[in-house]
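Colleague: Okay, structure incoming, though there's no sequence with it:
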C-alpha cells in the first residue's frame, strides 16, 4: 500500500506539500496541487484516518444510538442521519438499544471509547448516569425524538399534540365516543407526552379517559396485542384503539383479527408514527405522521454545529394526521393532509470543559 512518502516521490514534492494538498491548505501552487493529486490517483493512495485523527483530535465519525432498529420509524431515522452526515463529511456508527437502558449505555460507552466526535441518542429512559455525566463533561450530544428533561443538550423532536387533537376531533365527528389508548413506557418522554396529549384532546370534547381504557405497552407489537385483548374483554369495549406507536398498532390489529372481528366495523384503530406498511394493511391505518427524515437531518446539523464550535439549535417540528380507512371513515370524509410547517428553533448553550 502506497504511503505519503511514495506520493511525495511520485509528485516530486515534499511530504509537507502532500499533507497541505490533502488538507486543502491554500498555500500550495496550482502546479504542485495538480501533480500531488495525479500521484494520489496513480498510486491509489488512501490517507490513514487513524493517524489523522490522532493529529487533529477528530475522527469525523458520529455515533447514533437508536431505541429499536426493528421499528421502521427508527430505521428511517437512521437512514436520514447517515445520509446527512455523509453529506457533511462524517461517518456514522449505529448502536441498537433494543429499548434496554443497559444496552443503550453499553453503546454510548463504546462510542465514546472509539473517540467519536459526537453522539446522537434517542434515550430509552430518563435516568442514565453515563449520559448525564457525558453531557455535563461537555461531550457533543444531541437528543433526537426522545429526550431527558433538565439536561442541557439540544433536542430535535416532533410535537404531536396538534395532530392528536386532530385525530380525536376526527373521531368525534365520526360519532366515536369510547376511545382507548395503548400507552408507551412512562419512563420515556414520548410515552408520557402521547398519553397526556390524548387525555387533553378528549377533555376538549367532554370525553373521559377511564383507567380501563389506558393499557400499558412497551412500544413492541406483543404488548399491543396483549393490551388490545384486554380492551376487547371489557364489558364495554372501546370503539377505537389508539396505539402510541406503530408496532403496538400492528399488534392490536392482530388481536382484533384473532377474535374474528373486523377493523373498523367492530373496532377502529389509529396509531402514532406513520409507516409505509400502513398503506398496505387491510384496512389502511389512520396515523400521526412525524417528519422523520427532516428530524434526522436537523439532528445531524445540530450535532455538527456543536462539534465545529457553532451554537447548536433545538428543533421542534409538527407532526400531522394522515386519515385512512381504519376508523370507519370513507375517502370522501377524509380531510386533506396538512403540510409540514417550518421548524421552530431555539438556541441551546452547552457547557464544555474540554
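Modeller: Arrived safely. Because the structure is predicted, anything quoted here is derived from the model rather than measured.

Colleague: Spell out, range by range, the strands that occur in the stretch 101-250 of the chain.
Modeller: 118-121, 141-144, 155-159, 179-183, 214-216, 240-243 (DSSP state E, counting those that start in this stretch).

Colleague: which secondary structure elements does the last one contact?
Modeller: Right, strand 240-243. Judged by 3 or more C-beta pairs under 8 Å, 6 or more residues apart in numbering; DSSP states H and E, strand 240-243 is in contact with strand 179-183, helix 221-232, helix 246-258, strand 268-272. Backbone N, C-alpha and C define where each C-beta goes, glycine included.

Colleague: Check the first one too.
Modeller: Under the contact criterion of 3+ C-beta pairs under 8 Å, 6+ apart, strand 118-121 touches strand 61-66, helix 101-113, strand 141-144, helix 292-307.

Colleague: Those: lowest mean pLDDT?
Modeller: Mean pLDDT is lowest for helix 101-113 among these, at a mean of 91.

Colleague: average pLDDT across stretch 147-156?
Modeller: Taken as a whole, stretch 147-156 carries a mean pLDDT of 91.

Colleague: Show me how far it is from its chain's centre.
Modeller: The offset between the C-alpha centroid of stretch 147-156 and the centroid of the whole chain comes to 14 Å, using C-alpha atoms, centre = their mean, to the nearest Å.

Colleague: Please identify the buried residues of that stretch?
Modeller: By 16 or more other C-beta atoms under 10 Å, the buried positions in stretch 147-156 come out as 147, 148, 151, 153, 154, 155, 156.

Colleague: and the first one, what is it in contact with?
Modeller: What it means is residue 147. 123, 153, 155, 157, 189 (C-beta atoms under 8 Å, 6 or more residues apart in numbering).

Colleague: What's the separation between the first one and residue 130?
Modeller: Residue 123 sits 11 Å away from residue 130, taking C-beta to C-beta, to the nearest Å as the criterion.

Colleague: out of the two, which sits in the more crowded spot?
Modeller: Set residue 123 next to residue 130 and count neighbours by other C-beta atoms under 10 Å: residue 123 wins out with 26 against 14.

Colleague: The more buried one against residue 188, yeah?
Modeller: Yes - between residue 123 and residue 188 there is a contact under C-beta atoms under 8 Å: 7.2 Å.

Colleague: tell me, what's touching these two both at once?
Modeller: Any residue near both residue 123 and residue 188 by C-beta under 8 Å, 6+ apart counts here, and that gives residue 146.

Colleague: Find the nearest non-adjacent residue to residue 70, please.
Modeller: Closest residue to residue 70 apart from its sequence neighbours, by C-beta to C-beta, 6 or more residues apart in numbering: residue 247 at 7.6 Å.

Colleague: for residue 251, that is, sorry about that
Modeller: If you skip the residues right next to it in sequence, residue 251 has residue 224 as its closest partner in space, 2.9 Å away by C-beta to C-beta, 6+ apart.

Colleague: Likewise for residue 328?
Modeller: On the basis of C-beta to C-beta, 6+ apart, the spatially nearest residue to residue 328 that is not a chain neighbour turns out to be residue 264, at 4.1 Å.

Colleague: ok, how many other residues are close to that neighbour?
Modeller: For residue 264, the number of neighbouring residues by other C-beta under 10 Å comes to 22.

Colleague: so who does it touch?
Modeller: With contact set as C-beta under 8 Å, 6+ apart, residue 264 has these partners: 283, 325, 326, 327, 328.

Colleague: dump the residue contacts of residue 189.
Modeller: Remark: with contacts taken as C-beta under 8 Å, 6+ apart, residue 189 is in contact with 123, 126, 146, 147, 148, 149.

Colleague: How much space separates residue 245 from residue 202?
Modeller: Distance check for residue 245 against residue 202: by C-beta to C-beta, it reads 19 Å.

Colleague: Point out where the chain drops to low pLDDT.
Modeller: Along the chain, segments meeting pLDDT under 70 span 1, 47-58, 126, 330-354.

Colleague: which residues of it fall in helices?
Modeller: Secondary structure of the chain (DSSP state H): helices located at 4-11, 15-22, 30-43, 49-56, 72-87, 101-113, 129-136, 161-173, 189-204, 221-232, 246-258, 277-280, 292-307.

Colleague: out of these, which comes closest to residue 94?
Modeller: Closest approach to residue 94 among the helices of the chain (C-beta to C-beta): helix 72-87, 5.7 Å.

Colleague: Which positions in that closest one come out as buried?
Modeller: Counting neighbours by 16+ other C-beta under 10 Å, the buried set in helix 72-87 is 72, 73, 74, 76, 77, 78, 80, 81, 82, 84, 85.
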